[in-house]
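J.: Sequence below, structure please.
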Amino acid sequence: MYAWLYRRLPGPTPVRVLLVLVLLAAAFLLLMEVVFPAVESLMPYSEVSVDPAPGAGSR
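T.: Numbering: from 1, shown residues only. Below you'll find the predicted structure:
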C-alpha cells in the first residue's frame, strides 16, 4: 500500500519525501483534532483520576 502511494506521488524523491511528511502530519492532526475527541465520549474509561488509598496520608 505504501509503495503504491509513493509511486503515485509526483516529482523527484525529495519532493515525494516532503509530500509523505506533509500527508503524515495532516493525518496526525486530523486524528488528534477531529476523530479522537469525537470517539472519546464513547469510551468506557473516560474517568481516569485515581483516589489515594484511605489512611495513606502524606509524610
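J.: CA only for contacts and neighbour counts going forward, please
T.: OK.
J.: Okay, now the unreliable bits of this structure?
T.: Filtered on pLDDT under 70, the chain yields the residue ranges 46-48, 55-59.
J.: Swap in 80 and give it another go.
T.: 1-2, 44-59 (pLDDT under 80).
J.: hey, where'd the helices end up in it?
T.: Taking DSSP state H, the helices of the chain run over residues 2-8, 13-30, 36-40.
J.: in the longest one, what's buried?
T.: Buried residues in helix 13-30, counted by 16 or more other C-alpha atoms under 10 Å: R16, L19, V20.
J.: got a list of contacts for it?
T.: By C-alpha atoms under 8 Å, 6 or more residues apart in numbering, the residues outside helix 13-30 that reach it are Y6, L9, P10.
J.: Could you find the closest non-adjacent residue to the last one?
T.: Looking back up the chat, that one is P10. R16 (6.7 Å; C-alpha to C-alpha, 6 or more residues apart in numbering).
J.: For V50, grab phi and psi.
T.: Backbone torsions of V50, given as degrees, to the nearest 10, read phi -120, psi 130.
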